[in-house]
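Enquirer: structure of the sequence below:
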Amino acid sequence: MSKKKNKSQTAAKVKQHTVNILKSLYSNQVCIDNARHYPWWVALIFFVLSICLPVIPVITSNYNTTGSDFMSGQTKGFETYLTGFTYEMSLKDVDLYVNDNHQLIDKDDSWKNTYTYSEDRQYVYTNQNSKQIDFLVYYTHETGDDFTKLNNDIASRQYRIGTDQLYTIGQDTSSSSSQEDDSPTVYTPTYMLFNQTTYIVQIYNPNSTTVFTNTSGDYVNVESGTSLAGFAPVIVLPEVEGVTVPSINDVMANEGYVEEVKNNFINFFNQGYITNRNNATLYSTLLTLGIYLVLAFFMGLMIFLLTRGKKNIMHILSFYVCQKINAWVMFTPAILGMIVGFIFPQFAMIGFILLLGLRVMWMSFRQLRPVIR
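Expert: Residues are numbered from 1 along each chain as shown. Below is the predicted model:
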């Protein structure tokens with residue numbers, strides 16, 4: 001009989017604890033009572049869960065980011081420029097490839113011999129209609145601060161609208177210049193900058209110096225042997241007299257060919273962005289956890305301060321108990337914040353903050369308010 005009685009008592013306790021936990025999801029008074037009577041480790045469990053749950057959407061959102069996201073929508077002709085770039089490389093036997101050490105190497109100095117390592121212009125695609133530079137590609141051995149300086153220098157270069165001429169501030173324009181010529185309309189071409197370890201892509205709005213989108217990455221996760229020239233599909237010509245190799249403009253106008261090149265670069269950019277994605281995910285996760293940790297402590301402190309009045313019957317609550325109350329109160333906003341974060345990723349970080357603030361304020365004005373006599 002005693003064993004059956006003990007089992008019955010245990011089942012009743014489990015049931016009572018389960019009911020109390022479930023009620024705490026919506027009842028502020030139950031949260032207060034549970035915090036006062038349950039041991040500290042229960043509050044600690046709720047505290048840890050409440051801090052971690054709303055971080056999950058932040059982790060998921062960052063981890064699902066890919067290096068080719070910028071190519072999923074409008075690219076201002078970027079995939080077309082890539083097609084012309086890789087096709088010209090294949091025609092001229094120029095190649096940049098990823099070696100076994102995951103470095104981008106100039107194969108047999110083919111790039112150097114064709115485009116040189118000039119910091120001014122290397123690969124250039126000039127639009128024959130507008131007479132403007134649409135696309136530039138650079139390969140350099142600069143690293144670290146020198147690489148950053150080179151990138152900033154390229155990004156700051158401006159060209160005169162309707163020409164491929166570099167514009168220099170203060171430069172005299174022409175003999176027929178007017179006041180408007182003192183600040184001529186300028187543009188900055190879209191460009192890619194490679195070195196042995198990293199790359200940068202900068203896409204500009206047409207006839208503008210405004211950046212449309214950009215990305216960057218490295219070759220750590222790019223498959224060894226990956227060849228940029230190999231991204232241009234081989235064109236097999238029929239053995240018929242008079243058939244010539246398609247021109248670059250013809251290839252760039254071929255939608256199917258452009259799509260193949262685009263897909264090859266999508267895979268390249270996805271692999272190249274993995275390191276950045278992992279670092280961004282880690283940084284965002286630690287930052288969010290830190291913010292939530294400080295927020296949790298602050299809310300517990302607020303509960304403590306709001307109950308200090310002599311007319312407040314809850315002034316008997318210690319700072320330690322107020323922190324336990326907050327730990328119990330946090331769990332529901334954490335669950336809701338996680339749900340909001342999955343539905344609306346842009347609000348993943350602030351959803352929990354707003355919901356927790358609302359619940360603590362509501363509890364403070366209802367269950368923890370001073371007694372008015």
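
Enquirer: hmm, who's touching stretch 224-239?
Expert: Contact partners of stretch 224-239, identified using CB atoms under 8 Å, 6 or more residues apart in numbering, comprise 82-83, 86-87, 89-90, 93-100, 102, 219, 243, 245-246, 251, 257, 260-261, 264-265, 268. (C-beta placed from N, C-alpha, C; glycine too.)

Enquirer: oh, that last question was meant for stretch 110-125, not what I typed.
Expert: Against stretch 110-125 from outside (CB under 8 Å, 6+ apart): 81, 84-85, 88, 92-96, 106, 133-141, 150, 153, 164.

Enquirer: and those, which are buried?
Expert: Buried members of those, scored by 16 or more other CB atoms under 10 Å, are 81, 84-85, 88, 94-96, 106, 133-140, 150, 164.

Enquirer: which stretches of the stretch 151-300 of the chain form strands?
Expert: 158-160, 166-167, 186-187, 190-194, 198-204, 211-218 (DSSP state E, counting those that start in this stretch).

Enquirer: tell me the mean pLDDT over the last one?
Expert: Just to be clear, that refers to strand 211-218. The pLDDT scores in strand 211-218 average 95.

Enquirer: got it, and the first one?
Expert: Strand 158-160 shows an average pLDDT of 94 in the prediction.

Enquirer: quick one: contacts of that strand?
Expert: 132-133, 165-167, 184-189, 209.

Enquirer: give me the phi and psi angles of the closest residue to residue 127 other than its chain neighbours.
Expert: Spatially, and ignoring its direct neighbours in sequence, residue 127 is nearest to residue 134 (4.9 Å; CB to CB, 6 or more residues apart in numbering). Taking degrees, to the nearest 10, you get phi -90, psi -30 for the backbone angles of residue 134.

Enquirer: so what's residue 84 up against?
Expert: Residue 84 is in contact with 125, 135, 248-249, 251-252, counting by CB under 8 Å, 6+ apart.

Enquirer: check which helix or strand covers it.
Expert: If you go by DSSP states H and E, residue 84 is part of helix 78-91.

Enquirer: now stretch 209-227: buried residues?
Expert: 212-213, 215-219, 221-222, 226-227.

Enquirer: report the helix or strand with the lowest average pLDDT across this protein.
Expert: helix 2-24 (a mean of 75; mean pLDDT, DSSP states H and E).

Enquirer: pull the residues that contact it.
Expert: 30-31, 34, 38, 328, 331-332.

Enquirer: give me the mean pLDDT for stretch 190-205.
Expert: Mean predicted lDDT for stretch 190-205 stands at 97.

Enquirer: start to end distance for that stretch?
Expert: Terminal residues of stretch 190-205 are spaced 8 Å apart (CA to CA, to the nearest Å).

Enquirer: poorly predicted segments of the stretch 51-200 of the chain, please.
Expert: Scanning the stretch 51-200 of the chain for pLDDT under 70 picks out the ranges 169-184.

Enquirer: in it, mark out all the helices, start to finish.
Expert: 56-63, 78-91, 110-115, 144-156 (DSSP state H, counting those that start in this stretch).

Enquirer: now do the second one against strand 198-204, angle only.
Expert: Looking back up the chat, that one is helix 78-91. 130 degrees (axes from the mean of the first three to the mean of the last three CA atoms, to 10 degrees).

Enquirer: helix 78-91 vs strand 211-218, what angle?
Expert: Computed by the same axes, to 10 degrees, the angle between helix 78-91 and strand 211-218 is 50 degrees.

Enquirer: helix 78-91: how far from the chain's middle?
Expert: Centroid displacement of helix 78-91 relative to its chain, using CA atoms, centre = their mean, to the nearest Å, is 27 Å.

Enquirer: cool, and the first one?
Expert: On the basis of CA atoms, centre = their mean, helix 56-63 is displaced by 10 Å from the centre of the chain it belongs to.

Enquirer: which strands and helices lie in contact with that helix?
Expert: Secondary-structure packing of helix 56-63 (3 or more CB pairs under 8 Å, 6 or more residues apart in numbering; DSSP states H and E): helix 274-306, helix 319-343.

Enquirer: any chance you could list what contacts whichever helix or strand comes after the last one?
Expert: Okay, so that is helix 319-343. Next along the chain after helix 319-343, taking DSSP H and E as the criterion, comes helix 350-366. Applying CB under 8 Å, 6+ apart, the external contacts of helix 350-366 come out as 28, 31-32, 54, 291-292, 295-296, 299, 302-303, 306, 326, 329-330, 332-334, 336-338, 340-341, 344.

Enquirer: follow-up on the earlier one: mean neighbour count, the helices of the stretch 51-200 of the chain: which tops it?
Expert: Of all the helices of the stretch 51-200 of the chain, helix 78-91 has the most neighbours on average by mean count of other CB atoms under 10 Å, namely a mean of 22.

Enquirer: and the direction of it versus that of strand 190-194, what angle?
Expert: 50 degrees.

Enquirer: report how many residues lie close to residue 16.
Expert: 10 (other CB atoms under 10 Å).

Enquirer: pLDDT at the residue lying closest to residue 231 once chain neighbours are set aside, what is it?
Expert: Nearest residue to residue 231, sequence neighbours excluded (CB to CB, 6+ apart): residue 264, at 3.9 Å. Confidence at residue 264, expressed as pLDDT, is 96.

Enquirer: how much space separates residue 264 from residue 71?
Expert: 12 Å (CB to CB, to the nearest Å).

Enquirer: between those two, who's got more neighbours?
Expert: residue 71 (22 against 19).
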